[in-house]
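>>> Attaching a predicted model along with its sequence, questions to come.
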Protein chains: 2
Amino acid sequence: MPRAPRQQSCTGCSVERALSLIDGKWKIVILYKLLKGTLRFNELRRLIPGVTQRMLTHQLRELEADGLIVRVVYAQVPPRVEYSLSTRGQSLEPVLLALKQWGDTNLSSQAAKAA
Amino acid sequence: MPRAPRQQSCTGCSVERALSLIDGKWKIVILYKLLKGTLRFNELRRLIPGVTQRMLTHQLRELEADGLIVRVVYAQVPPRVEYSLSTRGQSLEPVLLALKQWGDTNLSSQAAKAA
DNA sequence: GCCCATAGTGTCAAAAAGGATACCGTGATG
DNA sequence: CATCACGGTATCCTTTTTGACACTATGGGC
């Protein structure tokens, strides 16, 4: 998506603004994984098959910039970086759960056909 | 988004599948508008400032293909085409409302700063 | 000395999404 | 006769997003 220019006069609707924060192929999944707790970079990578290192970094950076997640770097070797939801990110829980539940009940192969 | 190729082996997570149905800059907004009832093409267009005719058509077609909305064409002149949520689309209501509420409470200028 | 893991960054190129614009057919309206 | 509204299509072009791949630093293990 040529996503919203990250700053838009927002044509009237809070939904659109909300969307601009969580678009991107991986953001919701990342947030969802983080719901269960803090994760390190490579843990996320393993939890989300298909995401590349670059993409993961990118999305995490944007999520951080939007104040949805918190990034903590431990000055160690090997590096240790932990990601967790910010308060704002946690407030997305209802949305994430609603989405998950919808996916589960409406997208299972059976349900999809029954629809 | 080079969105999910519309058919993916789906690496394990129903959330990802759900996302592939509602990505696109306008889909959620369209669905949200349709929550309140049936709308005609140009009504949608007016309700969603910023969307172009082409985009609206595109997104509506995809939503229809994914079984989230229903398109009814009346053989009249001038043409009359009505869009409404399918049962499946209506089942998205909790998600849409959760998103709207999150947007309202967490993205108002004050809240955004307080975050 | 060589390889591994961690958490990245940088560059390049492909693919997709989105936007602008012009055009279509029809009947009513002026 | 010209124009408008409706619900689109078709085409072209630009911007974004994404993916592939190579490369980095450091300390530990073999």
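The structure has been received and is ready for your questions.

>>> When you work out contacts or count neighbours from here on, use the C-alpha atoms and nothing else.
Fine.

>>> So which residues on chain A come close to DNA strand C?
Residues of chain A lying close to DNA strand C (CA under 7 Å from any atom of the strand) are A:1-3, A:40-43, A:53-54, A:57-58, A:77-82.

>>> and the residues you listed, which are buried?
A:40, A:41, A:82 (16 or more other CA atoms under 10 Å in any protein chain shown).

>>> quick one: which of those is nearest residue B:20?
residue A:41 (24.0 Å; CA to CA).

>>> Check chain A for its longest helix and report it.
Counting residues, the longest helix in chain A under DSSP state H turns out to be helix A:93-107.

>>> Can that one be said to contact chain B?
Yes: contact between helix A:93-107 and chain B, assessed by CA under 8 Å from any CA of the partner chain, occurs at A:94, A:95, A:98, A:99, A:100, A:102, A:103, A:104, A:106, A:107.

>>> Pipe the buried ones among the residues of chain A next to DNA strand C into CSV and attach secondary structure and distance to residue B:27 per row.
Converted to CSV, those look like this (DSSP: H, G, I helix; E, B strand; the rest coil; distance: CA to CA, whole Å):
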residue, secondary structure, distance to residue B:27
A:40, strand, 32
A:41, helix, 31
A:82, strand, 33
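
>>> and those as TSV, adding distance to residue A:68 and pLDDT?
Putting these into TSV (distance: CA to CA, whole Å; pLDDT from 0 to 100) gives the following:
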residue	distance to residue A:68	pLDDT
A:40	16	97
A:41	16	97
A:82	14	97
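
>>> with those residues in mind, which one is nearest to residue A:30?
Distances from residue A:30 to these, taken by CA to CA, are shortest for residue A:41, at 10.7 Å.

>>> Quickly note the distance from the closest one to residue A:72.
Per CA to CA, to the nearest Å, residue A:41 is found 11 Å from residue A:72.

>>> Need the overlap of contacts for the two.
Taking CA atoms under 8 Å, 6 or more residues apart in numbering or on different chains as the criterion, residue A:41 and residue A:72 both touch A:81, A:82, A:83.

>>> show me where chain A has strands.
Here chain A has its strands, by DSSP state E, at A:39-40, A:69-74, A:80-85.
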